[in-house]
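J.: sequence first, predicted coordinates after that:
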Amino acid sequence: MSQPPSTPRAGPSNVSGDKSDTSPLPIPPLGRSQSHPSTASKTSKPISRTSSQPPSNREVIQLLADAESAVRDLRADVSLLNSQLSFEQDRADNAELKAKEAILRFKEANDARVVSQGEIVRLTEELRLYKDALEQAQKEIFRAQGVIKDVEDRRRDAEESAAKSRTRLRKMMEEKMIEVAREEGRKQGLQE
């Protein structure tokens with residue numbers, strides 16, 4: 001039985017993290033179905049934070065790159081599963097057409113009463129095989145639809161998580177700028 005062509009998956013970008021005491025807020029790992037490789041294993045591990053200092057620019061970039069990479073991977077999964085769904089739908093249509101043709105041949109043979117017993121047995125077996133193929137294709141379609149829904153849900157969760165992370169990082173950078181401004185003001189006040 002032929003398989004649908006596989007499409008290459010986009011890998012995560014490898015942006016090196018800062019090895020200082022600070023680290024980004026970790027993005028929660030996304031659950032993956034058993035039929036697809038885990039994205040969590042391809043993303044860099046967050047550096048553990050040991051102080052309350054804001055993250056560096058490099059850590060901010062790493063956080064954003066990891067989130068965008070997870071979204072790209074999920075979109076690639078959706079594209080691949082859509083291709084597989086189309087392939088299975090074609091198989092189901094073909095199997096249904098062959099089943100109808102087999103039924104028509106069986107009825108013609110029965111109506112004419114000229115077909116030998118061996119031919120009837122052959123057509124009955126052919127019909128069973130086509131029905132089995134149709135049933136299997138339908139099961140594959142239902143399974144693929146479930147996987148697509150699961151991947152779409154996780155893609156939406158990842159995009160929401162990325163948006164929340166960007167909001168948190170923006171707020172942290174604003175707080176850092178305020179802290180730097182206060183420190184500069186305090187130093188100027190001491191110099192005066």
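T.: Good, I have the coordinates.

J.: how about the residue nearest the centre of the chain, nearest residue that isn't a chain neighbour?
T.: The centre of the chain sits closest to L74, judged by C-alpha atoms, centre = their mean, with a distance of 3.0 Å. Leaving out its chain neighbours, the residue that sits closest to L74 by C-beta to C-beta, 6 or more residues apart in numbering is R155, at 3.8 Å. The way it works is simple: take the backbone N, C-alpha and C, and place the C-beta from them, glycine included.

J.: does A158 touch R75 like I think?
T.: No - A158 lies out of contact with R75 (C-beta atoms under 8 Å); the separation is 9.7 Å.

J.: the two: which is more packed in?
T.: A direct count of neighbours by other C-beta atoms under 10 Å for A158 and R75 places A158 higher, at 23 against 17.

J.: which strand or helix spans that one?
T.: Using DSSP states H and E, A158 falls within helix 117-191.

J.: mind listing what K149 touches?
T.: Taking C-beta atoms under 8 Å, 6 or more residues apart in numbering, we find K149 in contact with no residue.

J.: check what pLDDT it gets.
T.: pLDDT for K149: 90.

J.: okay, now the unreliable bits of this structure?
T.: Within the chain, the ranges that satisfy pLDDT under 70 run 1-51, 113-115, 192.

J.: how much space between the residue nearest to L74 and A181?
T.: 39 Å (C-beta to C-beta, to the nearest Å).

J.: now S161
T.: Taking C-beta to C-beta, one finds S161 at 31 Å from A181.

J.: the more surrounded of the two?
T.: Using other C-beta under 10 Å as the criterion, S161 and A181 rank with S161 on top: 16 against 10.

J.: from memory the more buried one sits against A67, does it?
T.: Yes - using C-beta under 8 Å, S161 is in contact with A67, at 6.7 Å.

J.: got the CA positions of stretch 185-192 in CSV?
T.: Below are the C-alpha coordinates for stretch 185-192, written out as CSV (Å, rounded to 0.1, in the frame of the first residue of the first chain):
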residue,chain,number,x,y,z
GLY,A,185,19.1,59.7,38.8
ARG,A,186,20.4,58.4,42.1
LYS,A,187,24.0,58.6,40.9
GLN,A,188,23.5,62.2,39.6
GLY,A,189,21.9,63.1,42.9
LEU,A,190,24.9,61.8,44.8
GLN,A,191,27.3,63.6,42.4
GLU,A,192,25.5,66.9,43.1
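
J.: contacting residues around that stretch?
T.: Outside of stretch 185-192, no residue comes within contact range by C-beta under 8 Å, 6+ apart.

J.: what are the buried residues along it?
T.: By neighbour count on 16 or more other C-beta atoms under 10 Å, the buried set for stretch 185-192 is empty.

J.: count of neighbours near V71?
T.: Neighbours of V71 (other C-beta under 10 Å): 19.

J.: isn't it right up against A162?
T.: Yes - in this structure, V71 is within contact of A162 by C-beta under 8 Å, at 6.3 Å.
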